[in-house]
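J.: Sequence first, then the predicted structure:
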Amino acid sequence: MSNVTALNKEEKRVLLLSSLGGMLELYDFAIYGAFATYFAKQFFPNQDGFIGILETYMVFLLGFILRPIGGMIFSHIGDEKGRKKVLVYTVFLMGISSLGIAILPTYAQIGIVAPVLLMLMRMLQGLAVGGELPTTFVYISEYMPNKRIFAFSVVMGGVFSGYLLASLVNFILSEICTEDFIYQYGWRIPFVIGSVLCLLSFKIRKSLHETDAFEQIKTKEKFPILMVLRQHKIPLIAGAFMSAAQQVFSVVGIIYMPTYLNKLLNVSNTLIAQISTMGLFLFVLMIIILGVYFKNKSTNLVKILLCGLLINIITIPLAFYSMKHNLFVLGYSLLLLPHSIFGLFIPLCITLLFPANVRLSGVSLSYNISIVIFAGTAPLLITALINYTQLTFFAPAMYMILFLILGCSAMCLMFRKLYYR
């Protein structure tokens, strides 16, 4: 493989647009989790606050359930018509659904129609994200084949910056607004911001070019998803478990964590916003640092991820132990920083499992199966486990470690050695 050279002007532009779009998609998806504690009673006015949280996260789960459907629809388009078209369609759909949530009437205003409309908007978000992120992974992997590690570090840094932006908006609102204002009206502001940014990104993305790998495909499958299911079952299953190693952690450690800290550990929303913003900033920074460090090295990704597994097995329990003793900044940093290894390398590895003519369908199915079966159910299962067992700190820690082990086992099954730059 040729040495990694400096990025040219077009490659910089592609990285910027891809990471920006991924950031906005994750931002719009993340703010639902970040602000769920504020608007739960606006749409689910249950007297039992715990039940209200569960109802809100049932709608959250619905967005995850729709991801595989969105993935199937958009991956078919991407494998037949091109990756660029999907990137344009999904960011537009995300902007429309976020705007819809921002202007929704509440239960007090229109009754049962309010949660129904909220569910509809979440369904649209799920469809969009189900196509967006897998397409971004494939697009970057194909567009910059000799610079994948660095390219993925920039893109994944951008993608996870969506969580950081959501946390930052939460922090700013908690600083300048009263909690009562945020509960009543302020929770809508983040969705307005997301919709505007998505629609601006839609205009910019239309100028992207198609990848050479897609243009060079000589035989396009009529039904690429069926081809994946028939001829690539083992890579599909392995890819789902590999993706789960990253996705379960992201959902539990980033999206679910504000509710966990607030409702179960009685941490104030203001402090949560500060903790999340600081932790996510360090997390994104570490992904970029890893990409810069490894960009000119022939790297054995299997060894890197196994080392990451060992580190996380130690640091995840330490993180929850620290939070148990009210060391929330230290605990959240210990939780997120070591996971940057998985945040960077897992999406890259999944794109190497499938041939070009069915690559997007394979990546999308792997990614979205793991989301709906493993990651999307995590907040509900962990909340229920904690409520039943009272293992407030043990349950989420072991849940994340379990899927890191399963993901690394799948990685070893597919790649005994995987050297990459």
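T.: Sure thing, it's come through. Numbering: from 1, shown residues only.

J.: ranges for the helices of the stretch 251-400 of the chain?
T.: Along the stretch 251-400 of the chain, the stretches classed as helices by DSSP state H, counting those that start in this stretch are 257-259, 269-294, 301-324, 328-336, 340-350, 359-370, 378-389, 394-414.

J.: who wins for proximity to Gly126 among these?
T.: Gly126 lies closest, by CB to CB, to one member of the helices of the stretch 251-400 of the chain: helix 359-370, at 9.3 Å. Any C-beta I mention is one placed from the backbone N, CA and C, and that applies to glycine too.

J.: okay, the angle between the closest one and helix 340-350?
T.: Here the directions of helix 359-370 and helix 340-350 differ by 130 degrees (axes from the mean of the first three to the mean of the last three CA atoms, to 10 degrees).

J.: who does helix 359-370 touch, helix- and strand-wise?
T.: Counting contacts by 3 or more CB pairs under 8 Å, 6 or more residues apart in numbering; DSSP states H and E, helix 359-370 packs against helix 67-80, helix 113-143, helix 224-231, helix 233-250, helix 340-350.

J.: will you turn the ones you listed into a markdown table that also has distance to Ala397, mean pLDDT and mean neighbour count?
T.: Shown next, in a markdown table, are these (distance: least, CB to CB, whole Å; pLDDT from 0 to 100; neighbours: other CB atoms under 10 Å):
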| stretch | distance to Ala397 | mean pLDDT | mean neighbour count |
| --- | --- | --- | --- |
| helix 67-80 | 26 | 83 | 24 |
| helix 113-143 | 26 | 84 | 24 |
| helix 224-231 | 34 | 87 | 18 |
| helix 233-250 | 11 | 92 | 23 |
| helix 340-350 | 16 | 92 | 25 |
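
J.: wait, which of these is closest to His209?
T.: The minimum distance between His209 and those falls on helix 113-143, with 8.3 Å, by CB to CB.

J.: ok so, going back, same list, the helices and strands packed on helix 359-370, but as JSON lines with distance to Met411 please.
T.: Output for the helices and strands packed on helix 359-370, formatted as JSON lines (distance: least, CB to CB, whole Å):
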{"stretch": "helix 67-80", "distance to Met411": "21"}
{"stretch": "helix 113-143", "distance to Met411": "16"}
{"stretch": "helix 224-231", "distance to Met411": "19"}
{"stretch": "helix 233-250", "distance to Met411": "6"}
{"stretch": "helix 340-350", "distance to Met411": "7"}
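
J.: just so I know, which of these lies nearest Gly157?
T.: helix 340-350 (8.4 Å).

J.: orientation of the closest one relative to helix 269-294 in degrees?
T.: 60 degrees.

J.: Residue numbering should commence at 46 henceforth.
T.: Got it, the first residue is 46 from now on, which makes the last one we talked about helix 385-395.

J.: Which secondary structure elements does helix 385-395 sit against?
T.: Packing contacts for helix 385-395, counted by 3+ CB pairs under 8 Å, 6+ apart, involve helix 158-188, helix 193-221, helix 278-295, helix 314-339, helix 346-369, helix 404-415, helix 439-459.

J.: Off-centre distance for the second one?
T.: For helix 193-221, the distance between its averaged C-alpha position and the chain's averaged C-alpha position is 11 Å (CA atoms, centre = their mean, to the nearest Å).

J.: Identify each buried residue in it, please.
T.: Neighbour-count burial for helix 193-221, counted by 16 or more other CB atoms under 10 Å, picks out 193-216, 218-219.

J.: Go ahead and confirm Leu242 touches Leu69.
T.: Yes: with contact defined as CB atoms under 8 Å, Leu242 counts as touching Leu69 (5.1 Å).

J.: Between those two, which is the more surrounded one?
T.: Neighbour tally, Leu242 and Leu69, criterion other CB atoms under 10 Å: the higher count belongs to Leu69, 30 against 21.

J.: how far away is that one from Ile418?
T.: Going from Leu69 to Ile418 by CB to CB, to the nearest Å gives 26 Å.

J.: still on that earlier bit, what about the helices of the stretch 296-445 of the chain, which gets the closest to Val161?
T.: helix 423-434 (20.0 Å).
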